[in-house]
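J.: any chance you could fold what I've pasted below:
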Amino acid sequence: MNKPLDPATLSPAVTGERWRREYAEQIGDDRASENRSGIAIKALYTNDDWNASRYDADLGYPGQEPYTRGIYATMHRGRTWTQRQLIGLGTPAEYNARLRSLIEHGATAISLIPCNSVFRGYDMDEVDAELLGTCGVVVNSADHMDTCLDGVDIARMSCAMNDPSPFTLLAFLLAVAKRRGVPFASITGTSNQSDYLSHYVANHMFFRIALPGARRILADHIDFCTRNVPRWNPMSVVGQHMQQAGATPAQAMAFTLATALQNADDCVARGMDPKTFLPRFTFFFDISVSFFEEVAKFRAARRLWPRLLRERYGVDDPKSLRFKFHAQTSGVDLTRQQPLNNIARVTVQAMAGIFGGLQSLHTDAYDEVLSCPTEFGARIAVSTQNILREEAHLTDVIDPLGGSYYVETLTGQMEDEILRNLATVQDAGGMYAAVESGLVQRLIGESARRFQAKVESGEETIVGVNAYRVDETANDRPAVQGVDDDAVRGHLAAFAAWKAARSQVAVTKALDDLARAANAPRANVFEHVVVAAEAGCTHGEICATLRRELGFGHVQAMV
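T.: All right, here's what the predicted structure looks like:
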C-alpha cells in the first residue's frame, strides 16, 4: 500500500500542477463560462488571482475607504437593511389596508406604486376605467395621499414615492404633512423614480415631459428638497430600468454612475455646493439571479464612487462619498412558467443584494409576473427577508464573502468593465448627450439581443422555459389579484364630486403660477408644484400644465 502523502511536504507549485492535471483528466472537454457582463469565469481562483497583501488597498474596513466592505462601520450587524415592499393596488383605501397588513408582517418602510395612469401623467377621469388600479394605486390628489397614509406616522416612517417628474406624489405628501402639522424637516424617504434619463432610455411610460424640461425640473426638485426637506433623498439614480431593459450588470452600473455624475454636474452649474446635495443622492438597482456577479457589481461601485467624486469635485466629506443604494430583486428573471420557482429565484437575488451591502431591499412576490402581487404572494416576499435575516443569520458577519479569491478578483474585473463603459459615455459628452444621441439605448439593445440569443440557443438555462419544462394546467397557476370594480367606480364618483366642490379660483391661480414659473428660468418649478398640490390641483392638471409649457415626453425610436 502506498503511504499517504503529507501535504505539508508538498509545495504549492507541486499540488497546483497535480490539481490541474487531475482536473483536465476528469473534466474532459471543459466548457467556456462567462457571466452576463461578458467576463470569463475560471474553474478555480487562488492567490495568483488575488493576494491578501492587497487587503488595505482593495478592501480595508467597513465604513472606511475604499468602502468595498460597506459604507457604515456596523453594516447589517448593527442595523439591518430597510424592508421596503412595493405596494400598489386599486383605491387609496385598499392601499392603506394592504400597507397596514405588511407593516404588521415586518415591513419597515413604505414604497408607494401608483397606477399606470398616474405614471403616464393622467388623472383617473382621463383614461379607461377598466385600466384603473390594476398595477398600482390611483392617487390623483393630496386627499388621496392622506387616505393612503391614514394611521401612518409620516414623521417616523420612511416613504419611497415611485414618482417621476414633476414629483406630484411628494408634493401631495408634503401637503398632507402640512395638514397634520408635521414639519417638512421630519419627512424622510426618497423620490424613487426621479431619474428622467433612465426613463427616457428604458421606461417610456414614466417619461411625461420633454427631455430638456425634465432635466430642469429635476434640478429644481433637488434644490427645493435640499433647502426645505433636508432628510428627503430627491435623487434616486436608477440602474434598475436599464438592466431590466437588457443592459449587463456592468453596463447598468456604468450608465447609472454616469447619470449620477451628469445630475451632479447640473446641480453644480446652478451654483449648488456638492457637499449640500451629494449626501442625499441615492441609487436604485436591479439584482439579477447571477449571484456572484451582482455581489461584485455592488462592491466595485461602492469602491469606485468616492474616487469619481474626489477626482471630479474634490469632495472629501464622508457623507457625500457614501454609495447608498436600494435594490429590488429582478422581475425580468421571474417566469410565468412554474411560477413557484420564482420564490427560489427571489431568495438567491435577495442574498446577492444583502452580501453586496445594500441599505434597503424590495423582494418581488413570486406571482407579480402574472398580475399585481396578491396579498399571499406579498407576505411570502416579506417573510423571505425575515428568514434570511433571522433564521439564516445573514447579518451576523459584515461582508462575509470579503477575501474570497473569486469575489475579490471578480470585484476588480467588474470595476474595470464599469470604467470601460463609463469612459464610452464620457467620450460621447456625458450621459445626457449619450442618451440624446441614442448611444446608450443602442448599447443596451445589443446586450439584450445577445442574452436572448443565448436563451434561445439553450446556452443560458432558464428553468421551466428552455429546460426542465413540465405540462401545466390552469390549476397549476396561482390565482391572480383582481381589482374591486365597485370600489373603483366609487373612487371615480367621489373624485368627480370633489373636483366640483373645490375652489376653482385657487386651482386656476395655482396652475397659472405654475405655467409662469415654467417659463421663468430663475423660478423653481417644483416649489410651484407643491403650492399647486396644497391648492387642490390634481396630478393630471399639474402634468398637463407642464407638458403644455415644457413639451410632451415623446421618446424617439432608436434603430
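J.: when you work out contacts or count neighbours from here on, use the C-alpha atoms and nothing else.
T.: Noted.
J.: for the strand or helix carrying residue 252, name the packing helices and strands.
T.: Residue 252 belongs to helix 249-269 when assigned by DSSP states H and E. Helix 249-269 is packed against helix 211-228, strand 235-238, helix 240-244, helix 274-277, helix 291-313, helix 405-427, helix 431-436, with contacts defined by 3 or more C-alpha pairs under 8 Å, 6 or more residues apart in numbering; DSSP states H and E.
J.: just send those back as JSON lines, with mean pLDDT, distance to residue 356 and mean neighbour count too.
T.: Listed next are the helices and strands packed on helix 249-269 as JSON lines, based on pLDDT from 0 to 100; distance: least, C-alpha to C-alpha, whole Å; neighbours: other C-alpha atoms under 10 Å:
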{"stretch": "helix 211-228", "mean pLDDT": "97", "distance to residue 356": "28", "mean neighbour count": "20"}
{"stretch": "strand 235-238", "mean pLDDT": "96", "distance to residue 356": "17", "mean neighbour count": "27"}
{"stretch": "helix 240-244", "mean pLDDT": "96", "distance to residue 356": "15", "mean neighbour count": "25"}
{"stretch": "helix 274-277", "mean pLDDT": "95", "distance to residue 356": "25", "mean neighbour count": "18"}
{"stretch": "helix 291-313", "mean pLDDT": "97", "distance to residue 356": "4", "mean neighbour count": "21"}
{"stretch": "helix 405-427", "mean pLDDT": "98", "distance to residue 356": "11", "mean neighbour count": "20"}
{"stretch": "helix 431-436", "mean pLDDT": "97", "distance to residue 356": "25", "mean neighbour count": "20"}
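J.: redo those as a markdown table? Include distance to residue 258.
T.: Below are these laid out as a markdown table (distance: least, C-alpha to C-alpha, whole Å):
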| stretch | distance to residue 258 |
| --- | --- |
| helix 211-228 | 15 |
| strand 235-238 | 10 |
| helix 240-244 | 13 |
| helix 274-277 | 16 |
| helix 291-313 | 10 |
| helix 405-427 | 6 |
| helix 431-436 | 6 |
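J.: follow-up on the earlier one: buried set for the helix holding residue 252?
T.: For helix 249-269, a neighbour-count test (16 or more other C-alpha atoms under 10 Å) marks 249-267 as buried.
J.: again with stretch 438-449
T.: 438-441, 444-445, 447-448.
J.: I'd say residue 202 and residue 238 touch.
T.: No - between residue 202 and residue 238 there is no contact under C-alpha atoms under 8 Å: 10.5 Å.
J.: quick one: contacts for residue 69?
T.: 59-63, 299, 357, 398-399, 402 (C-alpha atoms under 8 Å, 6 or more residues apart in numbering).
J.: swap the cut-off to 6 Å and go again
T.: Residues near residue 69 by C-alpha atoms under 6 Å, 6 or more residues apart in numbering: 62, 399.
J.: nearest approach to residue 532 belongs to which of the helices and strands packed on helix 249-269?
T.: Closest approach to residue 532 among these (C-alpha to C-alpha): helix 211-228, 14.6 Å.
J.: about what we covered before: how far does the helix holding residue 252 sit from its chain's centre?
T.: 14 Å (C-alpha atoms, centre = their mean, to the nearest Å).
J.: let me see the mean pLDDT of it.
T.: Average pLDDT, helix 249-269: 98.
J.: next: stretch 342-357.
T.: 98.
J.: and it, what's buried?
T.: 342-343, 345-357.
J.: now stretch 484-499
T.: Quick answer for stretch 484-499 (16+ other C-alpha under 10 Å): 488, 491-492, 495.
J.: check which helix or strand covers residue 160.
T.: Here residue 160 is covered by strand 159-161, with elements defined by DSSP H and E.
J.: just checking, what packs against the next helix or strand after that strand?
T.: Once strand 159-161 ends, the next helix or strand along the chain (criterion: DSSP H and E) is helix 168-180. Judged by 3 or more C-alpha pairs under 6 Å, 6 or more residues apart in numbering; DSSP states H and E, the packing partners of helix 168-180 are helix 525-534.
J.: what is the least confident helix or strand in the chain?
T.: Lowest mean confidence among the helices and strands of the chain (mean pLDDT, DSSP states H and E): strand 82-87, at a mean of 72.
J.: which helices and strands does the following helix or strand past that strand pack with?
T.: Note on strand 82-87: by DSSP H and E, the next helix or strand toward the C-terminus is helix 92-104. For helix 92-104, the elements it packs on are helix 142-148, judged by 3+ C-alpha pairs under 6 Å, 6+ apart.
J.: need the contact partners of the helix it packs on.
T.: Residues outside helix 142-148 that contact it (C-alpha under 6 Å, 6+ apart): 92, 95-96, 172, 176.
J.: could I get these as TSV with neighbour count?
T.: Output for the contacts of helix 142-148, formatted as TSV (neighbours: other C-alpha atoms under 10 Å):
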residue	neighbour count
92	26
95	24
96	23
172	29
176	22
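J.: with distance to residue 24 added, can I get the residues you listed in TSV?
T.: Shown next, in TSV, are the contacts of helix 142-148 (distance: C-alpha to C-alpha, whole Å):
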residue	distance to residue 24
92	62
95	58
96	60
172	65
176	67
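J.: list just the nearest of those residues to residue 423.
T.: Closest to residue 423, out of all of the contacts of helix 142-148 and judged by C-alpha to C-alpha, is residue 172, at 39.5 Å.
J.: the closest one and residue 90, how far apart?
T.: Between residue 172 and residue 90 the computed distance is 18 Å (C-alpha to C-alpha, to the nearest Å).
J.: got it, and residue 162?
T.: Counting by C-alpha to C-alpha, the gap from residue 162 to residue 90 is 16 Å.
J.: and residue 351, by the same measure?
T.: Distance from residue 351 to residue 90, by C-alpha to C-alpha: 31 Å.
J.: before we move on, what about residue 26?
T.: Between residue 26 and residue 90 the computed distance is 58 Å (C-alpha to C-alpha).
J.: which of the two has more neighbours?
T.: residue 90 (24 against 10; other C-alpha atoms under 10 Å).
J.: tell me the contacts of the more buried one?
T.: So residue 90 contacts 133, 137, 483 (C-alpha under 6 Å, 6+ apart).
J.: partners of the second one in the sheet?
T.: On DSSP bridges, the residues paired with residue 137 through beta bridges are residue 114.
J.: what does the pLDDT read for it?
T.: For residue 137, pLDDT reads 92.
J.: kindly report the same for the last one.
T.: Listed pLDDT for residue 483 reads 70.
J.: doesn't it lie inside a strand?
T.: No - per DSSP: H, G, I helix; E, B strand; the rest coil, residue 483 lies outside any strand segment and is coil.
J.: what about it, how many neighbours?
T.: Around residue 483 there are 18 residues (other C-alpha under 10 Å).
J.: from residue 196, how far out is it?
T.: In terms of C-alpha to C-alpha, residue 483 sits 30 Å off from residue 196.
J.: low-confidence stretches in this protein?
T.: The model of the chain has pLDDT under 70 over residues 1-10, 85-88, 474-482, 554-559.
J.: nearest residue to the middle of it?
T.: For the chain, the residue nearest the mean C-alpha position is residue 284 (2.8 Å; C-alpha atoms, centre = their mean).
J.: that one: what secondary structure?
T.: At residue 284 the chain is in strand, as set by three-state DSSP.
J.: look up how far residue 370 lies from it.
T.: 24 Å.
J.: using CSV, lay out the buried residues of stretch 438-449 together with distance to residue 291 and secondary structure.
T.: Below are those laid out as CSV (distance: C-alpha to C-alpha, whole Å; DSSP: H, G, I helix; E, B strand; the rest coil):
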residue, distance to residue 291, secondary structure
438, 30, coil
439, 28, helix
440, 25, helix
441, 25, helix
444, 21, helix
445, 23, helix
447, 19, helix
448, 19, helix
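J.: now, which of those sits nearest residue 118?
T.: Residue 118 has its nearest neighbour among these in residue 441, at 24.9 Å by C-alpha to C-alpha.
J.: pull the number of nearby residues for residue 33.
T.: For residue 33, the neighbour count with other C-alpha under 10 Å is 12.
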